[in-house]
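Undergrad: sequence plus predicted model, see below.
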Amino acid sequence: MHSSKNILVIGALGQIGQDLVAALREKHGADKIIASDIRLPEDTGNGPFVKLDVLDSNQLREAIQSYEIAEVYHLAAILSAKGEQNPQLAWDINMKGLLNVLDLAKVGLFNKLFWPSSIAVFGPNSPKDQTPQYAGTDPTTIYGISKLAGERWCEYYHQKYGVDVRSIRYPGLIGYKGMPGGGTTDYAVDIYHSAVQGMDYSCFLNEASYLPMMYMEDAIRATIELMEADPNRLSIRSSYNLGGISFSPREIFQSIKEHFEGFEISFSPDFRQGIADSWPRSIDDSYARKDWDWNPTYDLKKMTEEMLNHLQEKYKVKVPSN
Ligand code: NAD
Ligand code: SER
């Protein structure tokens with residue numbers, strides 16, 4: 001067992017990684033959080049960074065040993081839309097990367113692992129509304145297939161080898177720090193950037209596509225709360241359903257238009273519409289609520305206000321008030 005509290009975040013430069021590293025550094029101190037990614041950051045100023053390919057098991061082992069890592073958050077992946085453009089690459093990164101990390105946990109190189117799954121494990125035959133934790137899963141994307149297989153591996157490593165792995169099926173995540181990396185829910189971030197920059201938005205999903213979504217602050221809090229939860233209360237070692245907000249492109253547009261009267265949207269669905277149509281509209285997260293007291297705090301209105309405020313600062317634009 002490791003007495004150090006150093007934490008390694010793999011895939012730290014991505015949409016979630018940027019927010020997670022900031023939150024962990026705030027909580028534990030910048031020096032304790034080792035950010036890593038396959039690419040180099042634009043700014044290395046805030047704390048330790050190591051360039052690391054999760055597919056290279058030796059490199060990974062070396063980083064975990066030399067930084068005396070006790071916990072790993074493994075975020076590196078290819079997301080749903082990008083995965084459809086290169087299924088083999090998505091399978092390799094999403095699967096082999098996870099197995100490399102699990103194998104190092106299995107031999108006791110570190111104590112605790114967080115790995116995210118996704119609503120993409122569900123498919124066209126899963127119930128669409130309040131999709132239950134144990135609904136049938138028939139994913140149609142390589143991303144969803146890799147996440148479902150990953151969940152099974154996590155539970156297997158926990159049961160067979162005692163690996164303390166914890167996981168959440170994130171909904172589509174919306175934050176202002178990082179841009180999304182090639183998913184089907186990316187529109188719900190892009191739309192805010194367009195509005196604040198004074199541009200109309202052309203949406204790649206149709207106006208009525210309800211999907212489960214969540215503001216990044218809730219998602220980061222859920223992640224840290226799950227990692228700090230009493231292991232004896234955790235009944236799920238595959239991945240927990242997590243619910244936040246469900247809305248359609250039309251509804252997010254309307255919430256932005258309350259602040260930007262002149263903002264307009266058009267709809268030109270592309271191949272991502274088929275992916276969205278195969279996913280749930282909303283999620284039943286009663287296991288997360290029962291096992292580790294999960295409770296989301298953001299609705300669409302509050303999220304829109306925060307997104308617009310932060311992006312206003314970023315782009316130095318004045319958001320009109322009502
Ligand atoms: P992202 O695409 O924004 O970031 C992934 C990061 O991983 C990138 O910075 C990339 O450079 C890095 N990476 C890619 N290949 C790597 C490799 N071989 N070695 C090391 N780093 C590598 O993704 P994200 O949105 O931050 O998602 C993080 C995790 O959360 C993923 O597992 C994703 O499936 C999951 N997830 C995300 C969402 C969402 O809405 N963002 C929803 C559900 C699940
Ligand atoms: N937001 C992710 C995607 O769209 C869901 O896992 O790919």
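TA: Alright, I've got the coordinates. Ligands and ions are numbered 1, 2, ... in the order given.
Undergrad: the helices in the stretch 1-150 of the chain, which residues?
TA: Using DSSP state H, counting those that start in this stretch, the helices of the stretch 1-150 of the chain run over 15-28, 57-66, 80-85, 87-91, 97-106, 142-161.
Undergrad: turn these into a markdown table, including mean neighbour count, distance to ligand 1 and mean pLDDT.
TA: No exception for glycine: its C-beta is placed from N, CA and C like everyone else's. What follows is the helices of the stretch 1-150 of the chain, written out as a markdown table (neighbours: other Cβ atoms under 10 Å; distance: least, Cβ to the nearest ligand atom, whole Å; pLDDT from 0 to 100):
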| stretch | mean neighbour count | distance to ligand 1 | mean pLDDT |
| --- | --- | --- | --- |
| helix 15-28 | 20 | 4 | 97 |
| helix 57-66 | 16 | 9 | 98 |
| helix 80-85 | 21 | 8 | 98 |
| helix 87-91 | 15 | 9 | 98 |
| helix 97-106 | 21 | 6 | 98 |
| helix 142-161 | 20 | 7 | 98 |
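Undergrad: give me the pLDDT value at N46.
TA: pLDDT recorded at N46 is 82.
Undergrad: what does the one 5 residues further on give?
TA: K51 carries a pLDDT value of 97.
Undergrad: mind putting the helices of the stretch 1-150 of the chain into TSV with distance to T185?
TA: Listed next are the helices of the stretch 1-150 of the chain as TSV, based on distance: least, Cβ to Cβ, whole Å:
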stretch	distance to T185
helix 15-28	10
helix 57-66	29
helix 80-85	8
helix 87-91	16
helix 97-106	21
helix 142-161	12
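Undergrad: as TSV, these with distance to ligand 2 would be great.
TA: Output for these, formatted as TSV (distance: least, Cβ to the nearest ligand atom, whole Å):
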stretch	distance to ligand 2
helix 15-28	9
helix 57-66	23
helix 80-85	3
helix 87-91	10
helix 97-106	15
helix 142-161	6
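Undergrad: out of the ones you listed, which comes closest to D218?
TA: Among the helices of the stretch 1-150 of the chain, helix 15-28 comes nearest to D218, with 10.9 Å by Cβ to Cβ.
Undergrad: can you tell me the closest non-neighbouring residue to the residue of the chain found nearest ligand 2?
TA: Nearest residue of the chain to ligand 2, counting by Cβ to the nearest ligand atom: G183, 2.5 Å away. Among residues not flanking G183 along the chain, L79 sits closest, at 3.9 Å (Cβ to Cβ, 6 or more residues apart in numbering).
Undergrad: likewise for V9?
TA: Y73 (4.7 Å).
Undergrad: how about the strands in the stretch 101-250 of the chain?
TA: Along the stretch 101-250 of the chain, counting by DSSP state E, counting those that start in this stretch, strands occupy 112-114, 117-118, 164-166, 168-170, 172-174, 201-203, 211-215, 240-241, 245-247.
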